[in-house]
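Undergrad: what follows is a predicted protein model with its sequence.
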Amino acid sequence: MLQLSFVRENKQRVIDRLAVKNFDAAALVDDILSIDKQRRNIQKTLDDTLSAANLMAKEIGRLFKSGQREDAEQKRQESTQLKQKTKELEHKLNELVSAMNEKLVELPNIPHESVPPGNSDKDNELIFEAGEMPILPESALPHWDLAIKYGIIDFDLGSKVTGAGFPFYRGQGARLQRALINFFLDEAIKRGYLEYQPPLLVNEDSGYGTGQLPDKEGQMYFVGEDKLYLIPTAEVPITNIYRNVILKEDDLPVKNVAYSSCFRREAGSYGKEVRGLNRLHQFDKVEIVQIAHPAESYNILEEMKDQVADLLRKLELPFRIVKLCGGDISFTSALTYDFEVYSAAQKRWLEVSSVSNFESFQANRMKLRFKNKEGKTQLAHTLNGSALALPRVVAALLENNQKEDGIYIPEALRTYTGFGKIVK
RNA sequence: GGAGAGGUGGCAGAGUGGUCGAAUGCGGCGGUCUUGAAAACCGUUGAUCUUCACGGAUCCGGGGGUUCGAAUCCCUCCCUCUCCGCCA
């Protein structure tokens, strides 16, 4: 969420910038500021009252000690009244604080200056395109048919054992998954990331910290018995490592990478959009997370963008990068690049990565700070990106590299798979 | 799952109803001394809110309560450790 002090000092700017996200913030901001004003008034009165009560309590202690029972007794009566007053003030203050927080979390993050206006993915700005578009014969199969032909992914078996969207990977298909995970992790480690293996279940505080809760509650699987959520991305546990943490400036940037399975309920999705590997309830992803100095975060975003592009190049997949427009960018993000690979048999672009700078939006929510050179604590910036999500990469690899005699594995991956092509 | 112990500042560790935001040690930072370093000595060293500032308020695992007054008493939740049981 945005910092209250920022909203207070930059009211018009907040409203203007959020208009780019097609978000009319005027009324909300007014509400917040008016509640804030009341809050500060009450806070002041309460502080003064408490201060008086504290002084009196000390005085009473002194009187009792020196044996002045009568004076003490009288003060004690007075103090009881003060007590009543503080109770009322506290109650009122709590109401105002929670009302304000409720409103404050409804404000989206402010988009970066370079974010183009727009309403949907059609208005996203294409900023890069690379790789050769494969030309496939008419007989080319979409990946869900290739999966059956080569016996490498079994969707029906997944439906039987669990449900739709939970495929089994089998033989060379399973091997390919493992190869991709190791490849992605190794590439990140080469770039100085520290590898983590996070828990796949997180508590409520963590869900709140990265912004999945409260608004996207329905997207996560929930284990009610233990009040735990299955993670929709490793971003959640990895970023929450730093919840309520004050780092040293020298620790920045923090670079973490994690492979994890990801679980998403995807309620309301259906049709050919979700066919095969296009959208799953459980999938694998390698996620990169950085915690950065505010002055550096946009350089780091570019660096992460190049990193993801490099992976796609090594996988020899045609891809493009789009900068999300105001209408398509997420609630929490200030600037997002989406990466899409071309899946030649479906003739579709599939999103395989999303790299974002959240600036201090997540950090403020989870109190992730660092102590700067002047000794002041300051919110850090958080960034993350998929590097990469597996299923759609696999879809494109299978479709684009299919030949008469099998499906060819790109050179960079062969040391990981141990085979050069997938055969029947 | 059963029984017990415990959660205090960056760390270790005192404190069991009143000058305790918290002794002491270590670590960190600054200084004295030194050609330099070490040692020694002196000083300093948490966070949040609020105020132009002085100052004030809050925080001893989280939440609630008792009391004029709570780190200290009560309730509740969470977590850690030890023993037993179970187990990849």
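TA: Received it, and whenever you're ready, just let me know what you need. Since this is a predicted model, take the numbers as computed values, not measurements.

Undergrad: around RNA strand B, pick out the residues from the stretch 301-424 of chain A.
TA: A:R369, A:K371, A:G375, A:T377 (C-beta under 7 Å from any atom of the strand). C-beta here means a position set from N, CA and C on the backbone, and glycine is covered the same way.

Undergrad: just those now: which is nearest RNA strand B?
TA: A:T377 (3.7 Å; C-beta to the nearest atom of the strand).

Undergrad: and the closest one, bridged to which residues?
TA: Listed by DSSP bridges, the beta-bridge partners for A:T377 are A:K371.

Undergrad: hang on, the earlier thing: for the residues of the stretch 301-424 of chain A next to RNA strand B, give me a markdown table that also has neighbour count.
TA: Output for those, formatted as a markdown table (neighbours: other C-beta atoms under 10 Å):
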| residue | neighbour count |
| --- | --- |
| A:R369 | 19 |
| A:K371 | 15 |
| A:G375 | 7 |
| A:T377 | 12 |
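
Undergrad: which of those scores worst on pLDDT?
TA: Of all those, A:G375 has the smallest pLDDT value, namely 76.

Undergrad: surely that one is in a strand?
TA: No - counting by DSSP: H, G, I helix; E, B strand; the rest coil, A:G375 is not part of a strand but coil.

Undergrad: quick check: pLDDT value at the residue nearest to A:G209 when sequence neighbours are not counted.
TA: The spatial neighbour of A:G209 that comes closest, neighbours along the chain excluded (C-beta to C-beta, 6 or more residues apart in numbering), is A:M366 at 3.7 Å. What the model reports as pLDDT for A:M366 is 87.

Undergrad: A:T233 is in contact with A:V202, correct?
TA: No - using C-beta atoms under 8 Å, A:V202 makes no contact with A:T233, being 10.7 Å away.

Undergrad: tell me which residue of chain A lies closest to RNA strand B.
TA: Closest point on chain A to RNA strand B, by C-beta to the nearest atom of the strand, is A:G61, at 3.0 Å.

Undergrad: count of neighbours near the residue nearest to A:G209?
TA: By the criterion of other C-beta atoms under 10 Å, A:M366 has 22 neighbours.

Undergrad: OK, contacts around it?
TA: Neighbouring residues of A:M366 by C-beta atoms under 8 Å, 6 or more residues apart in numbering: A:G209, A:T210, A:T239, A:N240, A:Y242, A:R243, A:N244.

Undergrad: kindly report the same for A:F358.
TA: A:N109, A:T332, A:S333, A:A334, A:H381, A:T382, A:L383, A:N384 are the contacts of A:F358 under C-beta under 8 Å, 6+ apart.

Undergrad: lowest pLDDT pick from the residues you listed?
TA: Ranking those by pLDDT puts A:T332 at the bottom, with 91.

Undergrad: dihedrals phi and psi, it?
TA: A:T332 adopts backbone torsions of phi -90, psi -10, taken as degrees, to the nearest 10.

Undergrad: residues contacting it?
TA: A:P108, A:N109, A:G211, A:S356, A:F358, A:F361, A:Q362.

Undergrad: three-state assignment of A:L312?
TA: Relying on three-state DSSP, one would call A:L312 helix.

Undergrad: cool, and the one 4 residues further on?
TA: Following three-state DSSP, the label given to A:E316 is coil.

Undergrad: now it. Its backbone dihedrals?
TA: Dihedral angles for A:E316 - degrees, to the nearest 10 - are phi 60, psi 40.

Undergrad: surely it touches A:P410?
TA: Yes - at 4.5 Å, A:E316 counts as touching A:P410 under the criterion of C-beta under 8 Å.

Undergrad: so who does A:L312 touch?
TA: With C-beta under 8 Å, 6+ apart, A:L312 has these contacts: A:A130, A:G131, A:F319, A:F339, A:V341, A:V352, A:L388.

Undergrad: how many residues are close by the last one?
TA: Close neighbours of A:L388, defined as other C-beta under 10 Å, add up to 26.

Undergrad: spell out which residues of the stretch 101-250 of chain A are next to RNA strand B.
TA: A:I246.

Undergrad: can you map out the helices along the stretch 101-250 of chain A?
TA: A:143-150, A:155-161, A:172-190, A:204-209, A:235-240 (DSSP state H, counting those that start in this stretch).

Undergrad: among those helices, which comes closest to A:E88?
TA: A:E88 sits nearest to helix A:204-209 of all the helices of the stretch 101-250 of chain A, at 29.6 Å, using C-beta to C-beta.
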